[in-house]
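Engineer: Sequence isn't available, so here's the structure alone:
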Ligand SMILES: [Zn+2]
């Protein structure tokens, strides 16, 4: 589950600016930018239901706006068949070859290559307990419990994800604190459980992760609005 970041200029705004530069006469589409825990600096852009969707490695989440802008220029350039100017490619490459960024990438490759999974019991919340409760409430107790783990880094943007390779639901360590309302954790866990219940499927050459059935099931969560509001407040605090 992803949340918008609180950067001064949002990644979406940067992307809209790049889009306007490449297509000055076309109004920018709806844009969403997701930072995902890829094991390398892999990034991509695609159209999804008329929306422009960018998936960027979370290694780049803290990159300067100019670097993000250069990367978006490269990605949109590919998508719109307008190759990015040399200066963008250079700026992006230069950032990736920085010693500290290289170290981070190496570290992450190591960690994510063999995926560090933790115990479900955190300092304040027990993921197993939350999973079992939701399983009973919403899935008739029929869902087979996958591996449950806290993330190694306390991410505020990737609060949870389903990792099919390791058959694990991973929840951000950021949420394992006493100030997190339990409802928020339940909602994040419920969302990830729905990924088990409604797998992604190929759709016009792309993978649709949140299918219409998925979205419909998500709306069944009681106190959905409240949970989303609490969550937004929590990641912005
Ligand atoms: Zn999801």
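Structural biologist: Great, that's in hand. These figures come from a predicted structure and were not determined experimentally.

Engineer: Mean confidence (pLDDT) on stretch 89-102, please.
Structural biologist: Here stretch 89-102 scores 86 as its mean pLDDT.

Engineer: Name the residues of that stretch that are buried.
Structural biologist: By neighbour count on 16 or more other CB atoms under 10 Å, the buried set for stretch 89-102 is 89, 91, 92, 95, 96, 101. C-betas here are computed from N, CA, C, even on glycine.

Engineer: Excluding chain neighbours, what is closest to the last one?
Structural biologist: Right, residue 101. Take residue 101 and drop its neighbours on the chain: the residue closest to it by CB to CB, 6 or more residues apart in numbering is residue 95, 6.2 Å away.

Engineer: did I read that right, the one you found in a strand?
Structural biologist: No. Assignment of residue 95 by DSSP: H, G, I helix; E, B strand; the rest coil gives helix, placing it outside any strand.

Engineer: Next up, the contacts around it.
Structural biologist: 63, 64, 67, 70, 101 (CB atoms under 8 Å, 6 or more residues apart in numbering).

Engineer: What separation is there between it and residue 35?
Structural biologist: Separation of residue 95 from residue 35 (CB to CB, to the nearest Å): 15 Å.

Engineer: Likewise for residue 61?
Structural biologist: Where residue 35 is concerned, residue 61 sits at a distance of 5 Å (CB to CB).

Engineer: Ok, residue 86 next?
Structural biologist: Counting by CB to CB, the separation of residue 86 from residue 35 is 26 Å.

Engineer: So for those two, which residue has more residues nearby?
Structural biologist: More crowded of residue 86 and residue 35, by other CB atoms under 10 Å: residue 35, with 22 against 8.

Engineer: May I ask which helix or strand encompasses the spatially most distant residue from the centre of the chain?
Structural biologist: In the chain, the residue that sits farthest from the middle, by CA atoms, centre = their mean, is residue 25; the gap is 30.8 Å. Using DSSP states H and E, residue 25 falls within no helix or strand.

Engineer: Tell me which stretches of the protein form strands.
Structural biologist: With DSSP state E as the criterion, the chain has strands at 31-36, 43-48, 51-57, 147-150, 160-163, 168-171, 201-203, 206-208.

Engineer: I'd like those strands laid out as a markdown table, including mean pLDDT.
Structural biologist: A markdown table is the format used below for these (pLDDT from 0 to 100):
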| stretch | mean pLDDT |
| --- | --- |
| strand 31-36 | 89 |
| strand 43-48 | 88 |
| strand 51-57 | 91 |
| strand 147-150 | 93 |
| strand 160-163 | 88 |
| strand 168-171 | 92 |
| strand 201-203 | 72 |
| strand 206-208 | 74 |
